[in-house]
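*Asks:* return a 3D structure for these sequence lines:
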Amino acid sequence: MAWMFQAFSRLVFRLYCPLHVFGQEHLPDRPFILCSNHASHMDVVALMLASGRPFSDFAMVAAQDYFFGNRLQSAANLLFNLIPLERRATQRQLMAHIEACKRFLDGGGRALIIFPEGTRTPTGEMQPFKRGPAVVSTTLGLPLVPAYIDGTYRSWRKNNWFMRPRHIKVHFGPPVEPIATSDAETLFATYRRITEELETRVHKLRERAKHGTGTDPHEMVGLGGRADGV
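*Replies:* You can find the predicted model right below:
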């Protein structure tokens, strides 16, 4: 079923909502965490397709109460690798979650997808980032790759029944490395600094998408691997 869903997704993002990708060269060869704005249920599929890698290379951090609360939402487990996380996780639950992330990566997984806003935006505007990705990044020594997705809010925003045909663009930026600036920096300060840097970089990608800079066709990678964005 998973391969059928991936094939269907490729058709949707080629014919119905054409996907255009920028900065794919910023994706590391080693395990990493992919972090973007979050406006739609389409986002996770757009990110995986934009990476040019199989869906099986990714696991998405998913809210325990939403994706594991009923049969319909739990069916997503058949299509994606999901790692549950309580929205208000205790320290013990957070450590168990990080261990689950590590097991996925050690088992051959290559990347985690975490949406730092925590939920889909109701307005289309980015919400403040939470420190969760920075905690996982620092604990496991994983780079954070910032990304900005443009078009999914207009195509399939929260509370809409189905997607509308729109062009979707995914911009990737250089990774943020989880490195402390000094021995005197506290762990909490490290999380805050990394979160602020990640949020700043995603906002810069947003401005780039908004003003149409960096749209040289040679930077655009289509689903067929061509530089035409088709």
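
*Asks:* in this protein, where is pLDDT below threshold?
*Replies:* Residues of the chain that meet the criterion pLDDT under 70 lie in 1, 63-78, 87-89, 180-182, 184, 213-230.

*Asks:* which residue ranges of this structure form helices?
*Replies:* Assigned by DSSP state H, the chain shows helices spanning 2-11, 43-51, 64-67, 71-74, 91-106, 132-140, 152-155, 187-211.

*Asks:* name the helices or strands packed onto the second one?
*Replies:* Read it as helix 43-51. helix 2-11, strand 19-22, strand 32-36, strand 58-63, strand 111-114, strand 144-150, strand 168-172 (3 or more CB pairs under 8 Å, 6 or more residues apart in numbering; DSSP states H and E). Where you see a C-beta, it was placed from the backbone N, CA and C, and this is true even at glycine.

*Asks:* would a markdown table of these with distance to residue 103 be doable?
*Replies:* A markdown table is the format used below for these (distance: least, CB to CB, whole Å):
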| stretch | distance to residue 103 |
| --- | --- |
| helix 2-11 | 19 |
| strand 19-22 | 29 |
| strand 32-36 | 15 |
| strand 58-63 | 10 |
| strand 111-114 | 12 |
| strand 144-150 | 20 |
| strand 168-172 | 26 |
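
*Asks:* looking at the ones you listed, spot the one closest to residue 197.
*Replies:* strand 144-150 (8.5 Å; CB to CB).

*Asks:* contacts for the closest one, please.
*Replies:* By CB atoms under 8 Å, 6 or more residues apart in numbering, the surrounding residues in contact with strand 144-150 are 26-28, 32-37, 39-40, 43, 46-47, 50, 133-134, 137, 168-176, 178, 194, 198, 201-202, 205-206, 208-210.

*Asks:* need the helices of the chain in a markdown table with distance to residue 22 and mean neighbour count, can you?
*Replies:* Below are those laid out as a markdown table (distance: least, CB to CB, whole Å; neighbours: other CB atoms under 10 Å):
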| stretch | distance to residue 22 | mean neighbour count |
| --- | --- | --- |
| helix 2-11 | 19 | 13 |
| helix 43-51 | 9 | 23 |
| helix 64-67 | 29 | 16 |
| helix 71-74 | 31 | 10 |
| helix 91-106 | 26 | 14 |
| helix 132-140 | 21 | 22 |
| helix 152-155 | 15 | 21 |
| helix 187-211 | 8 | 17 |
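
*Asks:* adding distance to residue 57, write these out as JSON lines.
*Replies:* Below are the helices of the chain laid out as JSON lines (distance: least, CB to CB, whole Å):
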{"stretch": "helix 2-11", "distance to residue 57": "11"}
{"stretch": "helix 43-51", "distance to residue 57": "8"}
{"stretch": "helix 64-67", "distance to residue 57": "19"}
{"stretch": "helix 71-74", "distance to residue 57": "22"}
{"stretch": "helix 91-106", "distance to residue 57": "10"}
{"stretch": "helix 132-140", "distance to residue 57": "16"}
{"stretch": "helix 152-155", "distance to residue 57": "21"}
{"stretch": "helix 187-211", "distance to residue 57": "21"}
